[in-house]
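no sequence for this one, just the structure:
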DNA sequence: CTTGACTCTATAGTTACTAGAGGGATTGTA
DNA sequence: TACAATCCCTCTAGTAACTATAGAGTCAAG
């Protein structure tokens, strides 16, 4: 009765430790235990774990997923909020894309500074990198 | 003689703790000390710190920056390697962009599943999220 | 009854910082 | 000279989302 953790990991395609981690992080309810203290998961656990992994593959944070799981408890009434949550995540992804596009531009410009070995005495790339002051914010995953 | 750490932080535009962190991480050489054990930085420290911050703003890892600093010791001879390092970083950025583009597509498709409140009894978004198994790798900053 | 595969808990490591505790140094003012 | 404000010091712990290890217990097959 119930799947052991290794079985679940195989079915869902993640590591055993990740499952235990989600439990401690409050994303997956504690399953029942066997006589020998092994975790025994139900189909609903399996489904919830798949949801979590799917959301993670879409790069949602665990916090966002926690919110989604709360909303799921009354999915019908929370239709609006669920859509908002997904929209907010799309916004985050697009913001990241914009940052990366900008970054790539800067890098390509930097790269083009190089006039080849022995052309000049110095490395133009290093010159540019240490020259100006930058207050960049990084990409922040 | 030499700038105190707060002064350097102000000039470069980062936090005092960040500077100490770079020292411990081996990115910034240990500066001399005052009689009262305060760090005293030179202009070359300042320049190197600016280089580090610029690279960080381009989202290079500290490890990549460490490599770049090593190459910088003999910049003229290492022209090729410096270019390679920048190219490799551009590749990483482009890989991330590709992932995000894919992600956005998936999210938009997911979002479009919603047929509005009260249209159907269930939430199509949640259905899709917990339905299929996904072996996604995440975006990995 | 032993071997091997599985599971358990608890802890430390990863990245690039940031924030805090608990103290000492320096500077300006009264 | 006393005192407060502001700086600086070291050390430790926290962040996100896991991953990896140690050291122990459980279970099925041979």
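Structure's in. What do you need? Just so we're clear, the structure is a prediction, and the values are computed from it rather than from any experiment. Numbering: from 1, shown residues only, chains lettered A, B, ... in the order given.

who touches the helix or strand bottoming out on mean pLDDT in chain A?
Each helix and strand of chain A was given a mean pLDDT (mean pLDDT, DSSP states H and E); the minimum falls on helix A:124-131 at a mean of 77. Applying CB atoms under 8 Å, 6 or more residues apart in numbering or on different chains, the contact partners of helix A:124-131 are A:110-111, A:113-115, B:47-48, B:50-51, B:54-55, B:68, B:72, B:75, B:82-83, B:86. Placement of C-beta: from N, CA and C, glycine included.

so which of those sit within helices?
Cross-referencing the contacts of helix A:124-131 against helices under DSSP state H gives A:110-111, B:47-48, B:50-51, B:54-55, B:68, B:72, B:82-83, B:86.

got those residues as a markdown table, with distance to residue B:124 and neighbour count columns?
Putting the ones in helices among the contacts of helix A:124-131 into a markdown table (distance: CB to CB, whole Å; neighbours: other CB atoms under 10 Å in any protein chain shown) gives the following:
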| residue | distance to residue B:124 | neighbour count |
| --- | --- | --- |
| A:110 | 45 | 19 |
| A:111 | 45 | 15 |
| B:47 | 56 | 14 |
| B:48 | 54 | 19 |
| B:50 | 51 | 21 |
| B:51 | 51 | 22 |
| B:54 | 46 | 22 |
| B:55 | 45 | 24 |
| B:68 | 49 | 23 |
| B:72 | 55 | 17 |
| B:82 | 51 | 22 |
| B:83 | 49 | 17 |
| B:86 | 45 | 23 |
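
dump the residue contacts of the closest residue to residue A:27 other than its chain neighbours.
Setting aside the residues directly before and after it, residue A:27 is nearest to residue A:52 in space (CB to CB, 6 or more residues apart in numbering or on different chains), at 5.6 Å. Contacts for residue A:52 (CB under 8 Å, 6+ apart) come out as A:22, A:27, A:28, A:65, A:69.

please redo it, this time with the cut-off set to 7 Å
A:22, A:27, A:65 (CB atoms under 7 Å, 6 or more residues apart in numbering or on different chains).

mind checking the SS state of the closest residue to residue A:90 other than its chain neighbours?
Nearest in space to residue A:90, with sequence neighbours left out and distances taken as CB to CB, 6+ apart, is residue B:107 at 4.9 Å. Per DSSP: H, G, I helix; E, B strand; the rest coil, the local secondary structure of residue B:107 is helix.

verify the contact between residue B:107 and residue A:92 for me.
No - with contact defined as CB atoms under 7 Å, residue B:107 and residue A:92 do not form a contacting pair (9.8 Å).

taking chain A, what residue is nearest to DNA strand D?
residue A:36 (2.2 Å; CB to the nearest atom of the strand).

pLDDT on the strand or helix carrying residue A:97, on average?
Taking DSSP states H and E as the criterion, residue A:97 maps to helix A:79-112. For helix A:79-112, the mean pLDDT works out to 93.

picking up where we left off before, so which of the contacts of residue A:52 is the most crowded?
The most crowded member of the contacts of residue A:52, judged by other CB atoms under 10 Å in any protein chain shown, is residue A:65 (22 neighbours).

and that one, which helix or strand is it part of?
Going by DSSP H and E, residue A:65 is in helix A:62-72.

can you tell me if that helix touches chain B.
Yes - between helix A:62-72 and chain B, judged by CB under 7 Å from any CB of the partner chain, the touching residues are residue A:72.

what angle separates that helix from helix B:124-131?
120 degrees (axes from the mean of the first three to the mean of the last three CA atoms, to 10 degrees).

buried residues in helix A:62-72, which are they?
A:64, A:65, A:67, A:68, A:69, A:71, A:72 (16 or more other CB atoms under 10 Å in any protein chain shown).
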